[in-house]
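**Q** Provided below for reference: sequence and predicted model.
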Amino acid sequence: MSSTPPQPKRLREDFGLDAAWLAARIEESPIILGVGTGLPAFERTILHERPDQFAVILFHPADGVRSIVEVQLGDADLEQVHRALQHWEDERVRLPRVEHRVAIAAEHIPAVVAHAAARARANVPLEVVELRAEKIGNIVAVNGEPLALPVIGDGTLQPEGRRIPRGR
């Protein structure tokens, strides 16, 4: 017997839903992003020019940390990482006495974005989340799954995140 893994579902292509729908769900229940620990509270949305991109700011009351999450439908890209880091820096300047973390969330995280995020994480508290959507009856459910980033060391990194043995 052979089997194939299920293909990830996309909000726009598979369910006809857009970023405004996703932003509203995050505002209702920010825990769906899977960012940080505990139950985050929604603070505000930052809209972008492109309709498939936005950022949200969450506050974690238990530890007083704010999370800036750059969200994008479809594949993440390097510009998303850049926007997330810029929002993180802006918020740190705006509220310097509050701890800030940053995350990117998209339906798919390509290897090049995972590598860029891994490099940035050396200096920034950065999380990467893949959004998963599925339809259960008439309801579309979305949840974020934290992505394990590749280990960046001496630059000898294979595309899938494994280290290349030294001396080869």
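**A** Yes, it's here.

**Q** For Leu47, the count of nearby residues, please.
**A** Using other CB atoms under 10 Å, the number of residues around Leu47 comes to 12. The way it works is simple: take the backbone N, C-alpha and C, and place the C-beta from them, glycine included.

**Q** how far is the longest helix along the chain from where the chain is centred?
**A** Secondary structure of the chain per DSSP state H: the longest helix is helix 78-94. Chain-centre distance of helix 78-94: 13 Å, with CA atoms, centre = their mean, to the nearest Å.

**Q** Render the CA-only coordinates of it in PDB, please.
**A** In PDB, the C-alpha atoms belonging to helix 78-94 read as follows (Å, rounded to 0.1, in the frame of the first residue of the first chain):
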ATOM      1  CA  LEU A  78      12.800  38.000   2.200                       C
ATOM      2  CA  GLU A  79      10.900  41.300   2.100                       C
ATOM      3  CA  GLN A  80       8.600  39.900   4.700                       C
ATOM      4  CA  VAL A  81      11.600  39.300   7.000                       C
ATOM      5  CA  HIS A  82      12.800  42.800   6.400                       C
ATOM      6  CA  ARG A  83       9.400  44.300   7.200                       C
ATOM      7  CA  ALA A  84       9.200  42.300  10.400                       C
ATOM      8  CA  LEU A  85      12.600  43.500  11.600                       C
ATOM      9  CA  GLN A  86      11.700  47.100  10.700                       C
ATOM     10  CA  HIS A  87       8.400  46.900  12.700                       C
ATOM     11  CA  TRP A  88      10.300  45.300  15.600                       C
ATOM     12  CA  GLU A  89      12.900  48.100  15.600                       C
ATOM     13  CA  ASP A  90      10.200  50.800  15.300                       C
ATOM     14  CA  GLU A  91       8.300  49.300  18.300                       C
ATOM     15  CA  ARG A  92      11.400  49.000  20.400                       C
ATOM     16  CA  VAL A  93      12.100  52.700  19.800                       C
ATOM     17  CA  ARG A  94       8.500  53.600  20.600                       C
END
